[in-house]
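>>> this one's sequence-less:
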């Protein structure tokens, strides 16, 4: 289970980096690609949320 979560986390982090690159490229191209960039930003938010959920599962809360 932990290995599967770690693998999924790695894939999501890779996707997040790719989305960042694509958004940067589209934003530099001007207003014509702004709709597509907006869609990618929304996807990026979802990916970040998934990353946070998996991180929370992999790193238990330690109450000191």
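Sure thing, it's come through. Here the structure is a predicted model, which means the values were calculated and not measured. Numbers count the residues shown, from 1 in each chain.
>>> for this protein, what are the low-confidence residue spans?
61-64 (pLDDT under 70).
>>> downstream neighbour of the top helix by length along it in the secondary structure list?
In the chain, with assignment by DSSP state H, the single longest helix is helix 2-29. Per DSSP states H and E, helix 2-29 leads on to helix 34-58 as the next helix or strand towards the C-terminus.
>>> quick revisit: and the angle for the longest helix of the chain with helix 34-58?
Per axes from the mean of the first three to the mean of the last three Cα atoms, to 10 degrees, the angle that helix 2-29 makes with helix 34-58 is 160 degrees.
>>> What residues sit buried inside helix 2-29?
The neighbour-count criterion (16 or more other Cβ atoms under 10 Å) identifies 9, 12, 16, 19, 22, 23, 26 as the buried residues of helix 2-29. Placement of C-beta: from N, CA and C, glycine included.
>>> Was I right to think the second one contacts residue 52?
What it means is residue 12. No. If you go by Cβ atoms under 8 Å, residue 12 and residue 52 don't touch, sitting 9.9 Å apart.
>>> about what we covered before: state the pair within the buried residues of helix 2-29 that is farthest apart.
Greatest spacing in the buried residues of helix 2-29, by Cβ to Cβ: 9 and 26 (25.8 Å).
>>> what about residue 54, distance to residue 1?
According to Cβ to Cβ, to the nearest Å, residue 54 and residue 1 sit 11 Å apart.
>>> So between the two, which is more surrounded?
residue 54 (17 against 6; other Cβ atoms under 10 Å).
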